[in-house]
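Asks: Predicted model follows, preceded by the sequence.
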Amino acid sequence: MADDDTRDAAEPDRVRRLELRGGEQAVTRCRDFTARALADWGWTPARDPEAGERADDVLLLVSEVVTNACLHAGGPEELVLRRRGHVLRVEVTDPSPELPKRGAPRPASLPGGHGVMVLDLLAGRWGSQPRPDGRGKVVWMEIAGPGPLLPGPVR
């Protein structure tokens, strides 16, 4: 049940991967992993209140998608963070082939069932796709950050 916190060999400063074995504390591990990457990439500490809100949004979105993988998809298998300029792409892989779908509208005062609404409101773009190997899916989202995350060219 160890985490594999790796950096992609081709782009070590642009891609972070967290392999997840077992569902215990997956949300906490993913939030902590994401918070470290955001700090490394200059999202935190925030330069201004808006930048702080974006970093908080990312952590909330990660929590939401990982929680949904735990509750509805057999648990997350991998979290991937990809930095492209000032855009962060978050990918959560799980073993279920069932793609996320909107549930029936619910009053905001009722707990649960608001995940897709949260994604719609906070992520710039999001979606899901079957894994190329046919074993499950990837739920992804893209969030614009507070300007370039690190100096240097973006490929």
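Replies: Perfect, I can see it now.
Asks: From here on, just use CA atoms for contacts and neighbour counts.
Replies: Noted.
Asks: Need phi/psi at the closest residue to Pro95 other than its chain neighbours.
Replies: Leaving aside its chain neighbours, Pro95 sits nearest to Gly136 (4.0 Å; criterion: CA to CA, 6 or more residues apart in numbering). Dihedral angles of Gly136 (phi, psi; degrees, to the nearest 10) stand at phi 100, psi -150.
Asks: Could you give the number of residues near Gly136?
Replies: 19 (other CA atoms under 10 Å).
Asks: got the contact list for it?
Replies: Residues touching Gly136, when contacts are defined by CA atoms under 8 Å, 6 or more residues apart in numbering, comprise Thr93, Asp94, Pro95, Ser96, Pro97, Glu98, Pro130.
Asks: ok, of those, which come out buried?
Replies: Thr93, Asp94, Pro95, Ser96, Pro130 (16 or more other CA atoms under 10 Å).
Asks: Could I get the full set of helices for this protein?
Replies: Using DSSP state H, the helices found in the chain span residues 26-40, 49-72, 115-122.
Asks: Quick one: mean pLDDT for the first one?
Replies: What that stands for is helix 26-40. Helix 26-40 shows an average pLDDT of 95 in the prediction.
Asks: Report the buried residues of that helix.
Replies: Buried residues in helix 26-40, counting neighbours by 16+ other CA under 10 Å, are found at Ala26, Val27, Arg29, Cys30, Arg31, Phe33, Thr34, Ala35, Ala37, Leu38.
Asks: now do the shortest one
Replies: Burial within helix 115-122, assessed by neighbour count using 16+ other CA under 10 Å, is assigned to Gly115, Val116, Leu119, Leu122.
Asks: helices and strands around it, which ones?
Replies: helix 49-72 (3 or more CA pairs under 8 Å, 6 or more residues apart in numbering; DSSP states H and E).
Asks: from the contacts of Gly136, which is closest to Gly52?
Replies: For the contacts of Gly136, the closest approach to Gly52 (CA to CA) belongs to Thr93, at 26.7 Å.
Asks: wouldn't the closest one be in contact with Glu77 here?
Replies: Yes. Using CA atoms under 8 Å, Thr93 is in contact with Glu77, at 5.4 Å.
Asks: Compare the helices of the chain and give me the one nearest Val15.
Replies: That would be, of the helices of the chain and by CA to CA, helix 26-40, which comes in at 9.4 Å.
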